[in-house]
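In: next comes the sequence, and after it the predicted model I'd like to discuss.
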Amino acid sequence: MSHGDIRTCVIGAAGYSGAELVGLLLRHPSARLEGLFGSDRRAAGAAAERFDSIFPRHRGETDLAVEATSIASILERQPDAVFLATPHEVSWELAPALRREGVVVLDLSAAYRLRDATLYAAHYGGPHPHPEALAEAVYGLPELHGPEIGHASLIACPGCYPTSVILPIAPLRQAGLLDANAPIIVDSASGVSGAGRSAALKSLFCEVSFQPYGVLSHRHAPEMAQECGADVLFTPHLMALDRGIVSTIHPTLVRGAGAAEVRACLTRQYADQPFVRILPAGSWPSVASVAHTNYCDIAIGSDPSGRHVVICSAIDNLLKGASGQAVQAFNLRFGLPVTAGLDTRPDTLVPGRTT
């Protein structure tokens, strides 16, 4: 397909991740944005509202409105690819219907990320309605599953917390550097946008505080365990920031392995990956260094013995943890440069956005 010929739609365009995704697609050299739709929370009879009215930073960039979602309305746009920035309950139903029509589906929810269908009842409020589709979905982490993404019709884009953990840990497991009998301990802190755009008391400006939540029970833990091949003891925290994630990870290494082996493994793994940066010794990742970019910054440290290793990572939860990652997978699926539409140089950022 030539410039601007890949027809796309975004469902859930009025949410934080959906809005970021629309902004990326509007600037993408090979994508043509044909339709914007709300999640199921936008009533079927509600009047359509222009996207640039909901998000004024996009004034003059598009005249598309966010419409109520229906399969018929989506298919009228004849999309090649549809992005689902929707709750998992909505993605459960939309993804199979769109795939039956030959549409490539990139789902930003957790609806098709877990291979074990029984985990959905425990973590997502009920049994999975389409368990047969789980075996067909490709886990859409581009750095680790690029070849599979290139041929997929259903791409399950990873969550923000799991991305920050899987990128540094999965290569270590594959290389045999982790003690198979020890759990991986993860403490992560996320900005408030991770909770979505709907009104909630804990997300109000005067209520937000640094605090843990979902201690050892967060629904993203099974996703981490699946992709890392190990038990994960995960504690998320809420930060008084609008966006960003920092994860501090405590792996147990096999005897004889230390920080040097970890650094060498991750450096090899990501040498040709433009969006993963292994920081030099003594440097540590921060939200400010990755905000409004598709980067994952990873740092490795150890105690004086070199035996106890600490890995820290940082991502923007709305980009590398959601929309930017989905565009990265879109690029791979349609044979485009993996960086297409994801230029993250500081002079390309939209003025007026702050961390």
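Out: Great, that's in hand.
In: what's the longest helix seen in the chain packed up against?
Out: Criterion DSSP state H: the longest helix present in the chain is helix 160-174. Under the contact definition 3 or more Cβ pairs under 8 Å, 6 or more residues apart in numbering; DSSP states H and E, helix 160-174 sits against helix 142-149, strand 184-190, helix 221-228, strand 232-238, strand 245-250, helix 259-269, strand 296-302, strand 309-315. The C-beta positions use only the backbone N, C-alpha and C, and glycine is treated the same way.
In: redo that, cut-off 6 Å
Out: For helix 160-174, the packing partners by 3 or more Cβ pairs under 6 Å, 6 or more residues apart in numbering; DSSP states H and E come out as helix 221-228, strand 245-250, helix 259-269, strand 309-315.
In: what strands flank the last one, and is each parallel or antiparallel?
Out: In other words, strand 309-315. Strand 309-315 has the following sheet partners, assigned by DSSP bridges: strand 245-250 (antiparallel), strand 296-302 (antiparallel).
In: beyond that strand, next helix or strand please.
Out: The helix or strand immediately downstream of strand 309-315 is helix 323-333, counting by DSSP states H and E.
In: check the offset of that next one from the chain's centre.
Out: Averaging C-alpha positions (Cα atoms, centre = their mean, to the nearest Å) puts helix 323-333 10 Å from its chain's average.
In: repeat that for stretch 238-252.
Out: Per Cα atoms, centre = their mean, the centroid offset for stretch 238-252 relative to its chain is 14 Å.
In: buried residues of it, list them for me.
Out: 238-239, 241-249, 251-252 (16 or more other Cβ atoms under 10 Å).
In: same question, stretch 211-229
Out: Neighbour count says stretch 211-229 has His218, Arg219, His220, Ala221, Pro222, Glu223, Met224, Ala225, Gln226, Glu227, Cys228 buried, by 16+ other Cβ under 10 Å.
In: about what we covered before: in the buried residues of stretch 238-252, find the pair that's most separated.
Out: Farthest pair in the buried residues of stretch 238-252 (Cβ to Cβ) is Asp242 and Thr252. Separation: 34.4 Å.
In: on that earlier part again, and which of the buried residues of stretch 211-229 is nearest Gly321?
Out: Out of the buried residues of stretch 211-229, the member with the shortest distance to Gly321 (by Cβ to Cβ) is His220, at 10.6 Å.
In: what is the mean pLDDT for stretch 237-256?
Out: Average pLDDT, stretch 237-256: 94.
In: measure that stretch end to end?
Out: Stretch 237-256 stretches 33 Å from its first residue to its last (Cα to Cα, to the nearest Å).
In: name the residues that touch it?
Out: 160, 164-165, 177-179, 182, 184-191, 193, 208, 210-212, 287, 291, 311-318 (Cβ atoms under 6 Å, 6 or more residues apart in numbering).
In: then stretch 128-139?
Out: 92, 96, 112, 115, 117, 120, 145, 148-149, 152, 154-156.
In: of those, closest to Gly335?
Out: Ile149 (11.1 Å).
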